[in-house]
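1. Need a 3D model of the following:
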Amino acid sequence: MKDLYEYSTPELVRMLGERFKEYRMRCDLTQKEVSELSGVGLTTIHKFENGTASNLSLSTFILLLKVI
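-> Residues are numbered from 1 along each chain as shown. So this is what the prediction gives:
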């Protein structure tokens, strides 16, 4: 595994999204439930988990983390 500083920002966002999805599924939550609990749009959650979110703010990231 590379050191974190060797990854590009898109690679890091993709990795965080994958990890978030794993935790969400362990919590037995759907994307829709996370959306409702966090107030973050379903499309944003889908894009984040699939590594295609191009501009996820820190505040949005924190809202998502608080749910899981």
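2. OK, contacts around Val40?
-> Val40 is in contact with Val34, Thr60, Leu63, Leu64, counting by C-beta atoms under 8 Å, 6 or more residues apart in numbering. In this view, the C-beta of every residue, glycine as well, is placed from N, C-alpha and C.
3. Pull the most distant pair out of those.
-> Val34 and Thr60 (11.7 Å; C-beta to C-beta).
4. Name the residue in those two with the higher neighbour count.
-> Just comparing Val34 and Thr60: by other C-beta atoms under 10 Å the higher neighbour count belongs to Val34, 21 against 18.
5. And the more buried one, what's its pLDDT?
-> Note on Val34: pLDDT of 98.
6. Distance-wise, check it relative to Leu64.
-> Distance of Val34 to Leu64, computed by C-beta to C-beta, to the nearest Å: 7 Å.
7. Show me what the longest helix anywhere in the chain is packed against.
-> Identified as the longest helix of the chain according to DSSP state H is helix 9-26. Secondary-structure packing of helix 9-26 (3 or more C-beta pairs under 8 Å, 6 or more residues apart in numbering; DSSP states H and E): helix 42-49, helix 58-67.
8. Tell me the pLDDT of the residue most central in space within the chain.
-> Among the residues of the chain, the one closest to the centroid is Gly17, at 3.8 Å (C-alpha atoms, centre = their mean). According to the prediction, Gly17 has pLDDT 95.
9. doesn't Glu49 make contact with it?
-> Yes - at 4.7 Å, Gly17 and Glu49 qualify as touching, with contact defined as C-beta atoms under 8 Å.
10. Could you list the low-pLDDT ranges of this structure?
-> 1 (pLDDT under 70).
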